[in-house]
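Visitor: from the sequence below, what's the structure:
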Amino acid sequence: MKVAKTKLDLTQDEDRHIDERLRSAPIVWLGSVRPDGRPHLVAVWFLWDGETILIFSQPDNQKLRNIAQNANVTLAVDDSKIGNDAVTVEGKAELLPADSVDATMPAYAEKYAALLTEMGWSAATMAKSYSQPIRITPTRFRAVS
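Guide: Numbers count the residues shown, from 1 in each chain. The predicted structure follows:
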């Protein structure tokens, strides 16, 4: 199946599949563009709420500098096997004030509770270190499976 669209319609099987992949995948690859035009790609934790994607970043890193000058980003989720269940999302990223997503942190911490425990971190530790929220509003979805 190959699907490319600007909005998900959860009455459609293909779109429900994209939604499920975005809700369940532990990481997404975030692609942004450096000021000199070179691509920058990093693996990040994320939370898909059905409308937007939330990422928390350590302050003052390359992806934040990239987004500050060019809000266009691409995200990719793969099945880590042979690439037959990939989802890509194009969107616009926005750097949010640190206190603007307090209500979202519990859902984010719940998604990553096992990994946080494994790392010896708490949600508070993570929130302190990864204090810069980024909200991505999708403009295009694509799935291959």
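
Visitor: next SSE after whichever strand or helix holds Ala114?
Guide: Secondary structure assignment for Ala114, by DSSP states H and E: helix 113-119. Of the helices and strands lying after helix 113-119 in sequence (DSSP H and E), the nearest is helix 123-129.

Visitor: which secondary structure elements does the helix or strand containing Ala143 sit against?
Guide: Using DSSP H and E, the secondary-structure element containing Ala143 is strand 132-144. Under the contact definition 3 or more CB pairs under 8 Å, 6 or more residues apart in numbering; DSSP states H and E, strand 132-144 sits against strand 2-5, helix 13-24, strand 53-57, helix 62-69, strand 86-95. Glycine gets a C-beta too; all of them are placed from N, C-alpha and C.

Visitor: so what touches the helix holding Ala114?
Guide: Applying CB atoms under 8 Å, 6 or more residues apart in numbering, the contact partners of helix 113-119 are 26, 45, 109, 122-123, 125-126.

Visitor: how about the helices and strands packed on strand 132-144, which one is nearest Pro39?
Guide: Within the helices and strands packed on strand 132-144, the stretch nearest Pro39 is helix 62-69; the backing value is 9.3 Å (CB to CB).

Visitor: centre of the chain versus the closest one, how much separation?
Guide: The offset between the C-alpha centroid of helix 62-69 and the centroid of the whole chain comes to 15 Å, using CA atoms, centre = their mean, to the nearest Å.

Visitor: same check, this time on stretch 115-127
Guide: When C-alpha coordinates are averaged (CA atoms, centre = their mean), stretch 115-127 and its chain have centres 18 Å apart.

Visitor: mind saving the C-alpha coords of it as PDB?
Guide: The C-alpha trace of stretch 115-127 is given here as PDB (Å, rounded to 0.1, in the frame of the first residue of the first chain):
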ATOM      1  CA  LEU A 115      12.600   3.400  28.800                       C
ATOM      2  CA  LEU A 116      12.900   6.100  31.400                       C
ATOM      3  CA  THR A 117      13.100   3.500  34.200                       C
ATOM      4  CA  GLU A 118      15.600   1.500  32.200                       C
ATOM      5  CA  MET A 119      17.800   4.600  31.900                       C
ATOM      6  CA  GLY A 120      17.400   5.400  35.600                       C
ATOM      7  CA  TRP A 121      15.500   8.600  34.800                       C
ATOM      8  CA  SER A 122      12.200  10.100  36.000                       C
ATOM      9  CA  ALA A 123       9.800  12.200  34.000                       C
ATOM     10  CA  ALA A 124      11.000  15.200  36.000                       C
ATOM     11  CA  THR A 125      14.600  14.400  35.100                       C
ATOM     12  CA  MET A 126      13.800  14.100  31.500                       C
ATOM     13  CA  ALA A 127      11.700  17.300  31.500                       C
END
